[in-house]
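Undergrad: Give the three-dimensional model of this entry:
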Amino acid sequence: MAGVAVALAVIPAGPASAHVGGGPEPSNYAAVITSVSRVVPGLDVSLSADGERLRVTNDGAGELLVPGYSDEPYLRIEADGVQRNTRSPATYLNVSLSGDTELPPEADPSAAPEWTSVSDTPTYEWHDHRTHWMGSQLPPAVQADPTAEHLIASWEVPLVYDGQPMLVAGTLTWYPPPSSLPSTVLGVGLIVVGLAVAGRARWQRPLVVLLGLAVVAEAGHLATSPVPAESPVYAVTAAALPTVVAALLTWASWRSVRGGPARWCTWRVSPAGWSCCRVCPT
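TA: Numbers count the residues shown, from 1 in each chain. Predicted coordinates:
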């Protein structure tokens, strides 16, 4: 256990994990929408936290067109559903996050659109390669100094609403991972305290107190963690289960320590037959 704790403490910290389960994968990239050139009733544009997915809802009365990367018609979103142009290269490039899908022969940005229905609701979400980092390696600025915050890109996605152009603009920023020094110091400190307490003649109660403090800290961490929008009951239950089990074990340990040495019923054979003798184990 001490070896595992030391290994976990000295591993460099990466992106913070999802605290209560669910939600997007953790990332050092953060994308935000900074402006929308027009305010249209019923039109909502949002972005995933890492910038990998753009989501558009058009509950208004007008028609929304989303151009592809060659300014060809890509999506047509209206109140009764979404249609996608099968001749648009974006239809195939947006299937994967890397955008390296091989284009079929019918993908031609200059050809007349061929619309196919992809949703009966006025909402569509897709990988838009203009909003996130496309490289397989870290951006050059991050490679030069990964400990600093960097503005990676300022991006723009054009839209056309009822024939009038509009623009969604945003930024993509790199945030450095947190330092592993605090967790290393804390982990090593807890190990040292635990070993010091375990070496005492009366070690049971102090170690139960340490275990109780750990459970309280984890319960506080659980209580302050964000709850995902999808399946919140399942996510919270799954995340709370280890804490609940640890709390029950702590309670059982405390009861055991307070009760002192256990008394056991030992079955022994005598001339009169089987008998139960309660003895304190040595």
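Undergrad: which residues of this protein score low on pLDDT?
TA: Applying pLDDT under 70 to the chain flags the ranges 1-26, 50, 228-230, 260-282.
Undergrad: Where do the strands of the stretch 101-250 of the chain begin and end?
TA: Taking DSSP state E, counting those that start in this stretch, the strands of the stretch 101-250 of the chain run over residues 115-119, 123-127, 150-161, 164-174.
Undergrad: These: which one's closest to Leu43?
TA: Nearest to Leu43, of all these, is strand 150-161, at 6.7 Å by C-beta to C-beta. Just so you know, the C-beta spots here come from the backbone N, C-alpha and C atoms, and that holds for glycine as well.
Undergrad: tell me what that closest one is packed against?
TA: Using 3 or more C-beta pairs under 8 Å, 6 or more residues apart in numbering; DSSP states H and E, the elements in contact with strand 150-161 are strand 64-67, helix 140-144, strand 164-174.
Undergrad: same thing but 10 Å
TA: Helices and strands touching strand 150-161, by 3 or more C-beta pairs under 10 Å, 6 or more residues apart in numbering; DSSP states H and E, are strand 29-36, strand 43-47, strand 53-58, strand 64-67, strand 73-78, helix 140-144, strand 164-174.
Undergrad: Just checking: what are the partner strands of the fourth one?
TA: It stands for strand 64-67. strand 73-78 (antiparallel), strand 150-161 (antiparallel) (DSSP bridges).
Undergrad: immediately after the first one, which helix or strand?
TA: Meaning strand 73-78. strand 81-85 (DSSP states H and E).
Undergrad: now the strands of the stretch 101-250 of the chain in CSV, with distance to Gly99?
TA: Supplementary listing: those in CSV, determined by distance: least, C-beta to C-beta, whole Å:
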stretch, distance to Gly99
strand 115-119, 19
strand 123-127, 7
strand 150-161, 14
strand 164-174, 15
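Undergrad: These into a markdown table, with extra columns for distance to Gln137 and mean neighbour count?
TA: Converted to a markdown table, the strands of the stretch 101-250 of the chain look like this (distance: least, C-beta to C-beta, whole Å; neighbours: other C-beta atoms under 10 Å):
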| stretch | distance to Gln137 | mean neighbour count |
| --- | --- | --- |
| strand 115-119 | 33 | 13 |
| strand 123-127 | 19 | 18 |
| strand 150-161 | 13 | 17 |
| strand 164-174 | 13 | 16 |
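Undergrad: Pro139: which of these is closest?
TA: Among the strands of the stretch 101-250 of the chain, strand 150-161 sits nearest to Pro139 (C-beta to C-beta), with 5.3 Å.
Undergrad: circling back to that earlier point, dump the strands paired with strand 64-67 into JSON lines; add distance to Leu138 as well.
TA: Formatted as JSON lines, these follow (distance: least, C-beta to C-beta, whole Å):
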{"stretch": "strand 73-78", "distance to Leu138": "29"}
{"stretch": "strand 150-161", "distance to Leu138": "10"}
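Undergrad: now for the ones you listed, which one comes closest to Val40?
TA: The nearest among the strands paired with strand 64-67, by C-beta to C-beta, is strand 150-161 at 5.5 Å.
Undergrad: what comes into contact with stretch 90-109?
TA: With contact meaning C-beta atoms under 10 Å, 6 or more residues apart in numbering, stretch 90-109 is reached by 52-54, 66-75, 84-89, 114, 116, 118, 126-129, 132, 134-136.
Undergrad: Pull the contacting residues for the residue nearest to Pro139 when sequence neighbours are not counted.
TA: Distances taken as C-beta to C-beta, 6 or more residues apart in numbering put Ile152 closest to Pro139, at 5.3 Å, once the chain neighbours are dropped. For Ile152, the contact set (C-beta under 10 Å, 6+ apart) comprises 29-31, 51, 132-133, 135, 138-142, 171-174.
Undergrad: go on, Gln204?
TA: With C-beta under 10 Å, 6+ apart, Gln204 has these contacts: Val197, Ala198, Ser253, Trp254, Ser256, Val257, Arg258, Gly260.
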